[in-house]
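In: Sequence and predicted structure are below.
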Amino acid sequence: MYKITAIVLRAFAFSDSKLMVDVLSREEGRASCVVLVGSSKKGKSRRQLFQPMSLLELVVERKSVGSLLVVKDAHISKAFSSIPFDPYKLSISMFVAEFLCRVTMVGSESPLLYDYVCDSVQWLDGSSAGFSNFHLVFMMRLTRFVGVYPNMDGYLEGYCFDMQNGCFVSSAFPGRGFLDAEDSRIMFLLMRMDYGNMHLFRMSHEERNRCLDVVLDFYRLHVPDFGELKSLQVLRDMFGTI
C-alpha cells in the first residue's frame, strides 16, 4: 500500500457497496480506482469525498501490474471554500472534470499536468470575481501538457488559423480545417489570456460561447474519440445569465 495525491474526475456506482473512480494523480497519472463505501451512514459520507475535482490524499493498493487501484483510505487534502457553494464555479468544475476525462489517457504520468490542474482549481476556488473566462483559459493552457500546443508565432491581422497543423497562415484552403480571420483572431486572443488578466477581456454570452466552440473544435480534431460533453449545455446556460 502507498499514498497518492489525486484529483477526482468522475465517480459512479459499481455496485451497492463500491464506487469506480477515475482520478488524475501526481504519482500514477490518470488512473482508475475501486472504492469500498458500503451502504451505512458512514459509507454515504465517504461517497461525498469523491465529487468531481475534489483534491484528495488516497492510500491505495495495486494487487498486480495493470490492475485497478483499490482505495484503502481517503481524505481531503485541500478543502474548497467556495466551489461547492457557488453554482457558477460548480458548473465550471463539473465541465473541467468531464473535459479532463476526454483529453487525458490512463497511465499518462505527468507531475506537471497534475500541478497545473491542482493549482488551477485552487485558483478558481479562491477567486471572488472575474472568473467567467476560466474554462477557456484552462483549456488553452492545458494544450501545453497534452501535446497539442498551437504555434502562436507569426500571427498578423487577417491571417487564418490552420487547425490541423496548429499554426497561422496568410490564406486558407476551403474545407481543410481552417478558421476564418475572425475566429483566428479569437484563437490568438485566447492564448494571450491567463488567470491574472482574463478579467480584462470582457465578452458577451455569444462571444464566450463562440470561443468555447473554437477551442473544443481544436481538441476534437486532435484527440481521438473526444465525443460530446454532457456538462457543456449546463455551462452555456449558466453563463447566459451573467
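Out: Structure's in. What do you need?
In: okay, CA-based contacts and neighbour counts for the rest of this
Out: Fine.
In: Please save the CA atoms from stretch 157-165 in CSV.
Out: Output in CSV follows, covering the C-alpha atoms of stretch 157-165 (Å, rounded to 0.1, in the frame of the first residue of the first chain):
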residue,chain,number,x,y,z
GLU,A,157,-4.4,40.6,-38.6
GLY,A,158,-6.3,38.8,-41.3
TYR,A,159,-4.3,35.6,-41.1
CYS,A,160,-6.2,32.2,-40.8
PHE,A,161,-5.5,29.5,-38.2
ASP,A,162,-4.7,26.1,-39.6
MET,A,163,-6.5,23.8,-37.1
GLN,A,164,-4.7,20.6,-38.3
ASN,A,165,-1.1,21.9,-38.1
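In: next one: it to chain centre, how far?
Out: Relative to its parent chain, stretch 157-165 has a centroid offset of 25 Å by CA atoms, centre = their mean, to the nearest Å.
In: doesn't residue 38 make contact with residue 19?
Out: No. If you go by CA atoms under 8 Å, residue 19 and residue 38 don't touch, sitting 9.4 Å apart.
In: Counting neighbours, go ahead and name the busier of those two.
Out: residue 19 (20 against 16; other CA atoms under 10 Å).
In: list the contacts for the more buried one?
Out: Applying CA atoms under 8 Å, 6 or more residues apart in numbering to residue 19 gives the contacts 11, 12, 13, 34, 35, 36, 37.
In: Separate out the buried members of those residues.
Out: Among the contacts of residue 19, those that count as buried by neighbour count (16 or more other CA atoms under 10 Å) are 11, 34, 35, 36, 37.
In: Next, the most centrally placed residue in the chain: secondary structure please.
Out: Centroid check for the chain by CA atoms, centre = their mean gives residue 96 as the closest residue, at 3.3 Å. Following DSSP: H, G, I helix; E, B strand; the rest coil, we place residue 96 in the helix state.
In: what about residue 11, which SS state?
Out: strand.
In: I'd say it and residue 18 touch.
Out: No. Using CA under 8 Å, residue 11 makes no contact with residue 18, being 10.2 Å away.
In: helices and strands of the protein: which one bottoms out on pLDDT?
Out: Ranking every helix and strand in the chain by mean pLDDT, DSSP states H and E puts helix 41-47 at the bottom, with a mean of 71.
In: just to revisit the earlier point, of the buried ones among the contacts of residue 19, which is the nearest to residue 207?
Out: The closest of the buried ones among the contacts of residue 19 to residue 207 turns out to be residue 11 (CA to CA; 32.6 Å).
In: Contact partners for the nearest residue to the closest one once chain neighbours are set aside?
Out: If the residues on either side of it in the chain are set aside, residue 11 comes closest to residue 21, at 4.3 Å by CA to CA, 6 or more residues apart in numbering. The contact partners of residue 21, by CA under 8 Å, 6+ apart, come to 8, 9, 10, 11, 12, 32, 33, 34, 35, 50.
In: what do you get if the cut-off is 7 Å, keeping everything else the same?
Out: 10, 11, 12, 32, 33, 34 (CA atoms under 7 Å, 6 or more residues apart in numbering).
In: For the helix or strand hosting the fifth one, give me every contacting residue.
Out: When elements are assigned from DSSP states H and E, residue 33 belongs to strand 29-36. The set of residues external to strand 29-36 that reach it, using CA under 7 Å, 6+ apart, is 17-24, 68-71, 104-110.
In: Cool, thanks, signing off.
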